[in-house]
Each structure stands twice: as structure tokens, then as C-alpha cells.
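Undergrad: Pasting the sequence and the predicted coordinates here, then a few questions.
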Amino acid sequence: MLKTRSLAAVCTLSLGSGFLSAAQAQVVGQTIQVVRPGGDAAPMQMLPPGRQAKTGTGGLRGRIIANDTGAAVRRAQVRISGPDIGTKTALTDAQGRYEFRDLPAGRFTVTVSKSGFVTMQYGQNRPYEPGRPIELAEAQKMDKADVSLPRGSVIAGRVVDEFGEAVAEAEVTAMRMQFTNGRRRLTPSGRNGSTNDLGQFRIYGLAPGEYYVSATLRNMNMMVMDLMGGAAGGPSGSNQNSGYAATYYPSTPSPGEAQRVAVAVGQELTSVDIQLQPVRLAKISGNAIGSDGKPMTGAMVMLMPATRDAMMFMPGGTARTDKDGAFTLTGVTPGEYSLQVQSMGGMIQAAGANVSFTFRTADGTGPATPEQTREFAVTSVNVAGEDITGMVVVGTRGAKVTGTISVGSSAKPEGFTNMRVTAPPVDVDSNPMPVFGGSNIKDTGAFEVEGLIGQRVFRVGNLPKGWVVKQIRLNGEDVTDKGAEFKPGEDVSGLEIELTNRTTAINGGVTDGNGQALKDFTVVVFADDQSKWTMPLTRWTASSRPDQEGRFKFANLPPGGYYAIAVEYVAQGEWSDPEWLARAARKATRFTLDEGATKVLELKLAAGS
């Protein structure tokens, strides 16, 4: 259970885990689930609220070695993750050996990390592909879950200003082009670096490949300072009105003009120097007014960069409103932004009853305990170097939808009230408002989700084991995949979420052209209806890697018509690109998956994959 009792404590959380966007973090009951943008190859898996980790009589042993020398890698961190155990950690000994005991029957992922090496998963042989799961029966023991770690590549260089002088404390990020959120864009991949007093940076542990490198002076410390003292009014300093935009190697503020740098396994590329581009900084000031016409006191103000070309997780500016609802954002670089205002009280309420805060507004005049009405506002801002003054941002509580979850004629499964309904936006580019919380389920199945605006889809988290969403209806209309449009202040009732325990399953194996069984491949299953490939948060595409026996599995796909294809390699996420799917469909096997059915597929590796 997480409790924070001051704004300073909130900032400490931000410093420890980084700024978290809606795509990265979600408060689920008493658990915060976090997916890091880059860094380790797999996220930490957390058990749903109220669920205890299972134990059993299974075991897993293995050895971690260096790929180039075959030498043991001692004190490597080995993480095992599974839906019934969460994530557990072991360290290798002097011989590179590790062991996990008392494992229940289940399907697990093993991830290994060590400074100086690329973070890898068991069964992973290429960059950017998922590892292979390990399937254990009750009391089964596996003794050779070995992982070979390649040496990490390094990108290093200097960051300087327009005069050639060193820039300290610049954040440097390695990015790669990836299909994300429905389009191809630059996405952080690997660890970040920070420049020292000589302007030098070093990003290590990278997988071999091609990267784009960006540098920015805006970092988490600046965000914290903005939040702690960023109220409107008061004295001003002699700060110049020029600064530096996020700059891509070698020296451009445009992601489209950035140049790629390539690194081989274990290569150190030390000449990636970036000269920050000076730009005119702007100031944005205005007032935030609630839907009741009163000032939004102590609200959080964030200026989020548009993510059409590159995924940027750091705000372009942060502040809080004073007692009159006034706010000021300074040092804003040119670009397209989403100005987002959130009432602190509403954020706390949405985060859940187990997250508590005590705070005051930036000028010290706000209430110790804020009102609990959730108010927010979102507006687009295009900054071209000129100050923007006199903005008036009007908040709204958004729409509220009420509904019920039903299980048909079946008895309510264990963990029924641990489920949580959320409503993420369909278009995260035009509506990037972070999703705080959601709604817990009452014993009657009733729930309500507040703060909705624009097109939203509904998803259910922490589903009881063996249950899936069958259909979501709003006043009789199927909105499972397309979602529904919501307007501020217009409450909606009649949302019905129907669960079923008649789940689907697909399993099978893959052979080569000679009929020999393979153990290293990727299977992609996707709907035969192309319109389902581009649905928001689509349920109709999935990929699977084989377990240690060479068998692949899929679970809980919706009933319908599908294609299946086995390929030698496809990078994580690439298989969700409609262009890739269109090419794959020409070589794929077509089949139908019925409700409650288990389908066995024996596939041949696609030629030329």
C-alpha cells in the first residue's frame, strides 16, 4: 500500500520511477503497475490486489554466461515472472548459476540483466524479440534454463551549446523507430544517459541495431522545481528568453531530419556529438476556472509534447495554480503541445482510497485537504517562440458512465470485486490526458467511471482466472472494440459488460520445409477482417513464442475468423503494423475459432521469413 503525505513525497515518487504517462502506469487498487520506456526488456509483473503468490514443488535452474567468451557471469540479476507468482529475483553465483524453488505449475518468463551486457530473456536470440516462455507442470524441474548474454553496445559523445561549450546535466536518449499506438514513431529504447561537467554522456547496455539519439536540458529535477515553486506572480529574474529545444543527432530539432547511428554487438561508438539548437523560449500564462465558475485552486498544470513523431515522456513544462487559479509556464520551447490541467483533489480521488496526500497550493494559501470533485481541462497549444498570455482554461468534470458487470447464469468467480474498469482514449495523440484510476466493482456488479471526454474504449483489469470479456454494450449497442463518444457533463447509464468462462485456446507446433520440428520461431495470429487490425487497443492480433518443448500457445482471443503465420523472426510490436499483416496474410493459414473451443494448429515456417 502506497501512502504519500506531502507534495514533496509525490515528487520523490516521480524521481524514483520517472514521469509516468497513461501508457506507462496505471493505479490498480493498491498496486501501481509500471512499464518502463526502455531499459530492461520486460516489465515487473505484479499480482492483483488481494491475490497471494502461489507456491508449488517445481524448480528451475540455469547458468548465465557471456556470449563472446563463454565465461560465467556472476552476480547477474535473474527475474522470473508469472501470473501466479508476480516477479521474483535471484542472483547468480561465481559459476553463473541460479535457481528458483517452490514454483507452482504455470508459464513463466525469465529475464537476465547485468551491467555491461544486453538485458536478455530466456530463449531470446535476436534484438527486440520476446524470449520464449517456460512451461512447468506440477513438481516439474528444469535444469538447463541457460541464457547467453551478449556484450552491450555503447553510444557516447558530448553535448555542447552553440558556442561549443559543454552542457552539463542534459538528458540523452537512444531511440529507435517502432510501430507504437497505431503509427510508426521514435520510441525510447535502452537506458538514458546524463552529461557530466564536460558535456560527456555514455549510454551503455544497448542491443546491436540502429538508433536515433536526442538530447534535452529538461529533466526530472526541473519538473520537481516547477511543481514546488511554480506559482503565478511574484518576483522575476533576469533569465534570458532563449534556450534549447530537444535536439536530435547531429544537430536538428526535427525528428524527421535526425540521422541514425548503428552499433554492432559490443561496439563502443564514441563520436556521437550533439550541438543543442538555440530557440526562443516562450512563457504561457493564464487562469484555470472550474465548471462552477470558481478558480481551480492548487491544480496541476502540465504541458505535454505531441507524440506524433516521437514518444516523449517528459513534460514540456509543469506548474500549479494559485488561489486565483492563475498559472505560469516558463522556458517553453517551440512545438505542438497539449496543455492539461488536473484538480489535485480529483486526481487523488481517482488514484484510489489507499493513496493519501496532504498539500497546499504553490503560494501556501490552498486548503490542506482539497475538494474531491475531479475537474480537468485539455487544450492544444502551438508555441512558436512568442509569449502566450491571458489564456482561460475552463475545467469540466467530464462525463460519468454507470454500468454493471455480469457473468450470466454462472456463480460469481473468486476475485469478482477486485476487477477494475478503465476507459483509455481511442486517440492518444489528440487526447493524451493521463488515465487516473478507474472504477472498482461492487458486489452487485455495479461500477461507475468518471472524467470521460472524447472517444473511449472500455477495458477490464484483474479479471478472475479463466474469465474474459465476451461483449460490452451501451444501451444495447456493441461497443466492445469501437468504444463510445462522451461529451463533458453528459452522464451516461446502461453500460453492460458481459463476462464468460467459455474461453478460447490455440496451441501447436511449427516444422521447416523438411518436416523437422522447430523450437525457435514466432507465431502471429490476426483477424481475417482487415478493419480489426487498426481498432484501438485491438484484441484481434497477438504473437507467441514457443516454450522449451517447441509448442506455442494463445489464450482468450475473441471467437471469429483468423490467419496464423509462423516466421523465423519479427521484432516486438512490428507484427501489429497493418502493412506487415497485409504481407503476412498472403502466406498465412486461415482458420475459425469458436467460442469455448481449443484449436490445434500445425504450421510450416513461412518461406522467406
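TA: Noted; the coordinates are in hand.
Undergrad: For the longest strand seen in the chain, list the C-alpha coordinates in PDB.
TA: Counting by DSSP state E, the longest strand found in the chain is strand 183-194. Written as PDB, here are the backbone C-alpha positions of strand 183-194 (Å, rounded to 0.1, in the frame of the first residue of the first chain):
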ATOM      1  CA  ARG A 183       1.700   4.600 -36.200                       C
ATOM      2  CA  ARG A 184       5.500   4.400 -36.700                       C
ATOM      3  CA  ARG A 185       7.300   6.800 -34.400                       C
ATOM      4  CA  LEU A 186      10.600   7.200 -32.500                       C
ATOM      5  CA  THR A 187      10.400   5.300 -29.200                       C
ATOM      6  CA  PRO A 188      13.000   5.300 -26.300                       C
ATOM      7  CA  SER A 189      14.900   2.000 -26.400                       C
ATOM      8  CA  GLY A 190      17.500   1.300 -23.700                       C
ATOM      9  CA  ARG A 191      18.800   3.300 -20.900                       C
ATOM     10  CA  ASN A 192      19.100   7.100 -20.800                       C
ATOM     11  CA  GLY A 193      22.300   9.000 -20.200                       C
ATOM     12  CA  SER A 194      23.100  12.200 -18.500                       C
END
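Undergrad: my guess is residue 569 contacts residue 522, does it?
TA: Yes: at 6.6 Å, residue 569 counts as touching residue 522 under the criterion of Cβ atoms under 8 Å. C-beta: built from backbone N, CA, C; applies to glycine.
Undergrad: Look at the two and report which has more neighbours.
TA: residue 522 (25 against 14; other Cβ atoms under 10 Å).
Undergrad: hmm, what's the outermost residue in this structure?
TA: Distance from the C-alpha centroid of the chain, by Cα atoms, centre = their mean, peaks at residue 514 (40.8 Å).
Undergrad: For residue 386, see how far away that one is.
TA: Distance of residue 514 to residue 386, computed by Cβ to Cβ, to the nearest Å: 68 Å.
Undergrad: just residue 472 next, same as before
TA: 46 Å.
Undergrad: Neighbour count: those two, which is higher?
TA: Neighbours were tallied for residue 472 and for residue 386 using other Cβ under 10 Å; the higher tally belongs to residue 472 (24 against 10).
Undergrad: Enumerate every residue touching that one.
TA: By Cβ atoms under 8 Å, 6 or more residues apart in numbering, the contact set of residue 472 is 458, 478-480, 495-498.
Undergrad: Could you dump these into JSON lines and include distance to residue 538?
TA: Listed next are the contacts of residue 472 as JSON lines, based on distance: Cβ to Cβ, whole Å:
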{"residue": "458", "distance to residue 538": "14"}
{"residue": "478", "distance to residue 538": "15"}
{"residue": "479", "distance to residue 538": "14"}
{"residue": "480", "distance to residue 538": "11"}
{"residue": "495", "distance to residue 538": "20"}
{"residue": "496", "distance to residue 538": "21"}
{"residue": "497", "distance to residue 538": "18"}
{"residue": "498", "distance to residue 538": "19"}
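Undergrad: any idea which of the residues you listed is closest to residue 558?
TA: residue 480 (8.2 Å; Cβ to Cβ).
Undergrad: Excluding chain neighbours, what is closest to the closest one?
TA: Computed as Cβ to Cβ, 6 or more residues apart in numbering, the closest residue to residue 480 that is not its neighbour in sequence is residue 472, at 4.4 Å.
Undergrad: in what helix or strand does the one you found lie?
TA: If you go by DSSP states H and E, residue 472 is part of strand 468-474.
Undergrad: what does residue 81 give?
TA: Using DSSP H and E, residue 81 falls in strand 77-82.
Undergrad: Only alpha carbons, please: show that strand as PDB.
TA: This file holds the C-alpha atoms of strand 77-82, laid out as PDB (Å, rounded to 0.1, in the frame of the first residue of the first chain):
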ATOM      1  CA  GLN A  77      20.100 -10.400 -11.800                       C
ATOM      2  CA  VAL A  78      17.700 -13.100 -12.900                       C
ATOM      3  CA  ARG A  79      13.900 -12.300 -12.700                       C
ATOM      4  CA  ILE A  80      11.200 -14.900 -13.100                       C
ATOM      5  CA  SER A  81       7.600 -13.600 -13.800                       C
ATOM      6  CA  GLY A  82       4.300 -15.300 -14.000                       C
END
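Undergrad: thinking again about what came up before, pull the distance from the strand holding residue 472 to the chain's centre.
TA: 24 Å (Cα atoms, centre = their mean, to the nearest Å).
Undergrad: what's the next secondary structure element after it?
TA: strand 477-478.
Undergrad: my guess is residue 482 contacts residue 535, does it?
TA: Yes: here residue 482 reaches residue 535: they are 7.1 Å apart, a contact under Cβ under 8 Å.
Undergrad: So between those two, which is more surrounded?
TA: Between residue 482 and residue 535, counted using other Cβ under 10 Å, the more crowded position is residue 535 (19 against 14).
Undergrad: who's in contact with the more buried one?
TA: Here residue 535 is in contact with 481-482 (Cβ under 8 Å, 6+ apart).
Undergrad: Provide the secondary structure category for it.
TA: Secondary structure for residue 535, judged by DSSP: H, G, I helix; E, B strand; the rest coil, is coil.
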